[in-house]
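>>> Sequence unavailable; structure follows:
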């Protein structure tokens, strides 16, 4: 009953990440993997920022970091800078790491909150090693000794996603994956099981397989067009539905972080790569026209544009079912949440990881499908809540767009999370979810949602002792960062530069 043939419908980042992972898993097994894609069908291809989880994906495949970075023109990423989100003129960085180090096995942010409520705190960012590192455009690999403050962070990458897809295509083809060029015209179902049995191309060729993975993008060629899985439209919570992207010249100095600047009807991204800077504006068409969005984007570029603007359309939400019968949707065919926190490639990775853990046989057990769908439901919902937090944790009232969020009824899950923080200074940790408490803390504090009480567990430490430990922590961070290499210099040291 073992599956011996897999057909991945669509290439791009989702298709070739899936192909690479499956090829690695089955490299010593008689499993044939096909990727059907057409050069005539474009890919979205602007996703250039990632989360730290991508490192574990690459490492699991045995991919050398320097080789990968050279192939994709990548830079390192320590977090995301948010400008003008809480109030105009304010900024903060959401780092990939902790704030300070625990004291008596209690997270440092509880102690910082006590300092704040006693008028003795400086900004929370000063206790975050990756924030200070990012602000000074410096970078190094985390220290292996977990007792050191230099170990309290992770990192991701900023890279050219189209080059990443090509890099993984070679990796997959070297392990036996067969690429088939062509446009799919229709699919056939088994009369007894109702499962997809084959897909046919314009050329007349037919590809027969036992498992189909839909990476066909927004069209959902199999999961939606063949099975009508349905779509949960989340536009009422995340109403931005359009984007315009354009690259410009490389930034100097080279920042090790992405920037997201809030605008009157959405937000604008800036992602520095080695060979260019990716830019784009995400907006809601109810509050801004395409022409106005393009004008705002082009007028704020930090250098000469290198191409014409590219218009994109989307609807935030997810499929009601990700895995139906013998079809699994991964990537844009599974859903889309706007790129505010660089989650698109991460959701591809989550889909692949869950599939590998629950990989079926020809029976396609209902329990496996149900578990997969439950996991992905939670991933999408909890990322949705985290993205929505950025919009509702604001004091801005300078446009109809921001007023829409100020008057919004929140999902119960997000309402509860914010309530626990404001009343108790507590951030609940999900057993299953992408963003850990430090990420929520970054946005809550960065956008001025602050608790009214402290955690009673820290009462035994005097304010004087706490101030002393906090000052030592800040000084340790400052001294270590000063001796760290420049971001671009580290890329060269690491052997990951493209020139």
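Sure, I can see it. Owing to the predicted nature of the structure, the values given are computational and were not obtained by experimental measurement.
>>> which stretches of the stretch 1-150 of the chain aren't confidently modelled?
41-47 (pLDDT under 70).
>>> Could you pull out the helices in it for me?
Along the stretch 1-150 of the chain, the segments classed as helices by DSSP state H, counting those that start in this stretch run 12-25, 53-60, 65-72, 108-117, 129-135.
>>> List the residues that contact residue 394.
85-87, 262, 402, 405-406, 447 (Cβ atoms under 8 Å, 6 or more residues apart in numbering). Placement of C-beta: from N, CA and C, glycine included.
>>> For it, which three-state class applies?
coil (DSSP: H, G, I helix; E, B strand; the rest coil).
>>> if I look at it, how far off is residue 312?
25 Å (Cβ to Cβ, to the nearest Å).
>>> Quick check: residue 11 touching residue 169?
Yes - assessed by Cβ atoms under 8 Å, residue 11 is found in contact with residue 169 at 7.2 Å.
>>> intersection of neighbour lists for these two?
35, 179.
>>> Neighbour count for those two, which is higher?
Ranked by neighbour count (other Cβ atoms under 10 Å), residue 11 and residue 169 place residue 11 first, with 26 against 20.
>>> Ramachandran coordinates for the more buried one?
phi -100, psi -120 (degrees, to the nearest 10).
>>> Excluding residues flanking it in the chain, which one is nearest it?
Leaving aside its chain neighbours, residue 11 sits nearest to residue 37 (3.3 Å; criterion: Cβ to Cβ, 6 or more residues apart in numbering).
>>> in terms of contact, does that neighbour touch residue 177 like I think?
No - counting by Cβ under 8 Å, residue 37 sits too far from residue 177 to count as a contact (11.6 Å).
>>> Nearest residue to the middle of the chain?
Taking Cα atoms, centre = their mean, the centroid of the chain lies closest to residue 343, which sits 2.0 Å from it.
>>> Model confidence at the closest residue in space to that residue that isn't next to it in sequence, what's the number?
Counting by Cβ to Cβ, 6+ apart, residue 383 is the residue found nearest to residue 343 once chain neighbours are left out, at 5.2 Å. With respect to pLDDT, residue 383 has a value of 97.
>>> can you confirm residue 383 is in a strand?
No - with three-state DSSP as the criterion, residue 383 is helix rather than part of a strand.
>>> so how many other residues sit close to it?
22.
>>> Same question for residue 312.
Using other Cβ under 10 Å, residue 312 is surrounded by 14 other residues.
>>> May I have the phi/psi pair for the closest residue to it other than its chain neighbours?
Spatial nearest neighbour of residue 312, excluding adjacent residues (Cβ to Cβ, 6+ apart): residue 243 at 4.4 Å. When quoted as degrees, to the nearest 10, the phi and psi of residue 243 stand at phi -150, psi 150.
>>> is it true that residue 243 touches residue 314?
Yes - in this structure residue 243 lies within contact range of residue 314 using Cβ under 8 Å: 7.2 Å.
>>> what residues are shared contacts of those two?
Residues touching both residue 243 and residue 314 by Cβ under 8 Å, 6+ apart: residue 338.
>>> Those two: which has the busier surroundings?
Taking neighbours as other Cβ under 10 Å, residue 243 and residue 314 compare with residue 243 leading, 23 against 18.
>>> Is that one bridged to anything, and to what?
Beta bridges link residue 243 to residue 282, residue 312, judged by DSSP bridges.
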